[in-house]
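1. for reference, the sequence and a predicted model appear below.
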Amino acid sequence: MRLVASLVVFSLAGCSGPTGPTPTSPASGAPASPRDAASARPSDARVAAAPPAGPPGIKVTLADVGLEAGSLDRSVDPCVDFYQFACGGWLAANDLPSDQARWARFTALDEKNKAAIKVLLEEAAKGIGATPPTRKLGDYYASCMDEAAIEQAGTSSIKALLDKTTKQKDARTWLSAMIELHKLGVWVVWSAQAFADLRESTTTVTYLDAAGLGLPARDYYVKSDFQDTLEAYRAHVARMLALAGTPEAKTAAAAADVLAIETELAKLTKTGVEQRDLAALYNPTDLKSLARQVKSVDWQRYFQGVGYQPSAKLVIATPSLFAALDKVRAKFKPAQWASYFTYHLVAHAAFQLPKRFGDEAFALQKVLTGVQQPPDRSRRCIEATQDALGELLGQLYATKYFPSTAKQQAAALVDALVRAMGDELVALDWMSEPTKQAAQAKLAKLVRMVGYPEKWRTYDFEVRRDDFAGNRMRSHAFETLRELGRSGKPVDRSGWRMNTYQVGALYDPTANHTVLPAGILQAPFFAHDRSIAANLGGIGMVVGHELTHGFDDQGSQFDGDGNQKTWWQPADAAQFAERGRCVAAQYATFEAAPKVFVNGELTLGENIADLGGVKLAFAAYHALRRDATRVYVADGFTEDQQFFLAVGQAACSKDRPAEVQRRLTVDRHAPPKFRVYGALRNLPEFAKAFSCPAGTPMNPTKTCSVW
């Protein structure tokens, strides 16, 4: 169910970067380092902004403030292409690794975190510091790394499931296969998830949505642009079915059957833009009504088989699928459904099976993303362990790598951003007072979650050191039931939907909370020895982005308690919609590949969040530097310019052509270059900082502003 999860997650780019020098004591008579300001808690540090005019600042280097001179391309006019100016050196120095579809600052920081996690897992696998949690982590990781045992086990782990998927006879065996696959989170035909009720956010309800496509989105099946990809997918499905035991002479026909079913499902699946229409996703019903509509499914048997009791209220996100479900099931013969179920089973299980399955799964990724070789086994085993035991690993990571002082400093930065948002709401000239008051009330209820959870999740499933396939299946079954088991129960607003070591952030509109995990609280986003300007241009942009999500075109539909509820005066809502249309139209002019443009409607929420995020971060940085007595000029750049360099340098990124196409189809974020380009060209403070003449690309005649 994409309703909430796809709405909130921040993703751009990140990396580890240089830190400043040891500060010189002011008592020595030497000028203080920028670290003197940055290392204080931001809420206490009144070390303020560099004015555009005034006495010369203290001369330091970009490295002193936490920025990278080598990442710049000074041959480019920042008023023409600021992204190239900020990132050109980085782009020239960084090639795409052969196992990556995108290499970005985010990717590099994620790799750094994985290297740290690898040390923890290898120590745990060796029994170092043995406790029940570390033993569980060590055994899971060790079982994943034991390729010889995996090869020896063959397909024995899925034999019972293959018996269910391949032996299709009628509606009863069809549902039996569905149940067994859904228990493992293999969402064929439809998916089931539990989220807060959009209209009554204190209660968790069961959502049912369209699912079961092997390609990234419906467009791959219905648009001619993807014909070559579709043919490559057909060949991949045939090879995967052959590995699963389908006779060679029948694999081509079986693959055609899989594509026929998926194409039928794709036609009943919403487009990416349609999935952003929250009102259209909320279609409440109940079990009796659903049973009357979909007669070929024994819904009582289905829910009992998966193992949980759904909420009394069910929410259907894609009504067209369920309205047509009886006809879709009957349209295809049992043998065709057998091929469809079997393919999705082996595609899901490929990593736990012998290498030949993993190699074939990678062949599809190569087509979809352009990546040249698979990641090494250890990195995939780290990801598998993260997937299975995320918070257990997060607890170990936080203890080892994230001091409480970093959490306090980051929390103070979040507080500064919230204050900036409050000030911005007061100052808006297009919003009426009643709507402003409602917005302020929502902001006042925002819950800020920084670093790691206060309460850690437990994982009550067996982990055996010699059984990776079993471990993986048990973990998937446990997580599926844990989530679905929340149906009908009160919402736990303290729950995190990100792991501690993740490089990202989120805003959840139904809980009205932000999550800023420890994993992203590193350079070039954040460091205790970076300047205020660099930290606010990095992590401040991220936090401001998430805060703005509470007031973007989707978040603005929710009140402070997390209910989808109108709190806008009609004239204000109309003005807001008009400003959103300006943003969508502008981004639709950005050419991301030859004759291929950003989808302004698909990316609208993220673009509004970017525009608001950089504006709030800049305001917060100025507030924190308001009373400063020292101003720093780093390699000729003023503090305002340093702020914008931090925004740009956090976004440096390279994509393979196939990955560009995939992301333009499915990603609700614009490409990183255009996120920087779009956010800064609409901010007058940027043009002022770099003295950009009117009419230049970074200071256009027409700009857009929402918040």
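-> Ah, there it is.
2. going by C-alpha atoms from here, please, whenever you check contacts or count neighbours.
-> Fine.
3. show me the domain layout of the chain.
-> Residue ranges for the domains of the chain, per automatic domain parsing: 5-21+29-109+393-455+494-689, 185-334.
4. hey, which of these is tucked in deepest?
-> Burial of these is given as mean neighbour count (mean count of other C-alpha atoms under 10 Å); domain 5-21+29-109+393-455+494-689 ranks first at a mean of 21.
5. kindly report which one of the domains of the chain carries the lowest mean pLDDT.
-> When the domains of the chain are compared by mean pLDDT, domain 5-21+29-109+393-455+494-689 comes last with a mean of 85.
6. pull the longest helix from this structure.
-> Looking across the chain with DSSP state H, the single longest helix is helix 404-427.
7. hang on, the earlier thing: how about the domains of the chain in CSV, adding distance to Ser475?
-> Converted to CSV, these look like this (distance: least, C-alpha to C-alpha, whole Å):
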stretch, distance to Ser475
domain 5-21+29-109+393-455+494-689, 14
domain 185-334, 10
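8. go through those domains and name the closest to Thr480.
-> Evaluated with C-alpha to C-alpha, the domains of the chain place domain 185-334 nearest to Thr480, the distance being 5.9 Å.
9. that closest one spans what distance, first to last residue?
-> 22 Å (C-alpha to C-alpha, to the nearest Å).
10. and for stretch 197-205?
-> 6 Å.
11. how close does the nearest residue to Phe303 once chain neighbours are set aside get to Phe597?
-> Nearest non-adjacent residue to Phe303, counting by C-alpha to C-alpha, 6 or more residues apart in numbering: Gln309, 6.4 Å away. Relative to Phe597, Gln309 is positioned 45 Å away (criterion: C-alpha to C-alpha).
12. what of Ala584?
-> 12 Å.
13. ditto for Gly66
-> 34 Å.
14. same question, Ala438
-> Separation of Ala438 from Phe597 (C-alpha to C-alpha): 36 Å.
15. kindly report the same for Thr566.
-> With C-alpha to C-alpha as the criterion, Thr566 and Phe597 are 33 Å apart.
16. then Asn512?
-> Distance, Asn512 to Phe597, by C-alpha to C-alpha: 33 Å.
17. please apply the same query to Leu208.
-> Here Leu208 is placed at a distance of 32 Å from Phe597 (C-alpha to C-alpha).
18. any idea which helix or strand carries Lys366?
-> helix 355-369 (DSSP states H and E).
19. I'd like the next helix or strand past that helix.
-> That would be, after helix 355-369 and using DSSP H and E, helix 377-388.
20. for that following helix, packing partners?
-> Counting by 3 or more C-alpha pairs under 8 Å, 6 or more residues apart in numbering; DSSP states H and E, the packing neighbours recorded for helix 377-388 are helix 105-125, helix 132-145, helix 468-484.
21. tilt between that helix and helix 468-484?
-> Between helix 377-388 and helix 468-484, the angle comes out at 30 degrees (axes from the mean of the first three to the mean of the last three C-alpha atoms, to 10 degrees).
22. for helix 377-388, which positions count as buried?
-> Neighbour-count burial for helix 377-388 flags 378-388 (criterion: 16 or more other C-alpha atoms under 10 Å).
23. now stretch 142-154
-> 142-145, 147, 149-150, 153.
24. which stretches in this protein count as strands?
-> When assigned using DSSP state E, the strands of the chain occupy the ranges 9-10, 58-60, 102-104, 190-196, 204-210, 284-285, 314-316, 447-451, 505-508, 513-517, 591-593, 596-597, 632-634, 653-655.
25. strands paired with the third one, and their directions?
-> Spelled out, it's strand 102-104. strand 653-655 (antiparallel) (DSSP bridges).
26. contacts for the partner strand, please.
-> Residues outside strand 653-655 that contact it (C-alpha atoms under 8 Å, 6 or more residues apart in numbering) are 13, 91, 96, 101-105, 672-673.
27. can you add distance to Thr165 and give the strands of the chain back as TSV?
-> Shown next, in TSV, are the strands of the chain (distance: least, C-alpha to C-alpha, whole Å):
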stretch	distance to Thr165
strand 9-10	35
strand 58-60	66
strand 102-104	35
strand 190-196	16
strand 204-210	20
strand 284-285	30
strand 314-316	26
strand 447-451	43
strand 505-508	37
strand 513-517	40
strand 591-593	41
strand 596-597	40
strand 632-634	64
strand 653-655	37
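28. ok, and what's touching stretch 161-168?
-> 173-174, 176-177, 180-181, 334-335, 337-339, 341-342, 345.
29. one more pass at 6 Å, please.
-> Contacts to stretch 161-168, defined as C-alpha atoms under 6 Å, 6 or more residues apart in numbering, come from residues 177, 334, 338, 341-342.
30. same question for it, mean pLDDT?
-> Here the average pLDDT along stretch 161-168 is 96.
31. off-centre distance for it?
-> 34 Å (C-alpha atoms, centre = their mean, to the nearest Å).
32. residues of it that come out buried?
-> 161-162, 164-168.
33. closest to Ala280 among the residues you listed?
-> Thr165 (33.2 Å).
34. for Ala256, see how far away that closest one is.
-> Counting by C-alpha to C-alpha, the gap from Thr165 to Ala256 is 17 Å.
35. Gln564 against Phe558, yeah?
-> Yes - using C-alpha atoms under 6 Å, Gln564 makes contact with Phe558 at a distance of 4.2 Å.
36. what's stretch 561-580 in contact with?
-> 198-201, 431, 435, 509-512, 557-558, 706.
37. which of these fall within helices?
-> Per DSSP H, the subset of the contacts of stretch 561-580 in helices is Thr435.
38. and the contacts of stretch 561-580, which two are the farthest apart?
-> Taking C-alpha to C-alpha, no two of those sit farther apart than Glu200 and Val706, at 28.0 Å.
39. which non-adjacent residue is nearest Gln84?
-> Asp73 (6.5 Å).
40. swap that for Phe82, please
-> Tyr677 (6.9 Å).
41. try Tyr220
-> The nearest residue in space to Tyr220 (C-alpha to C-alpha, 6+ apart) is Phe226, at 5.3 Å.
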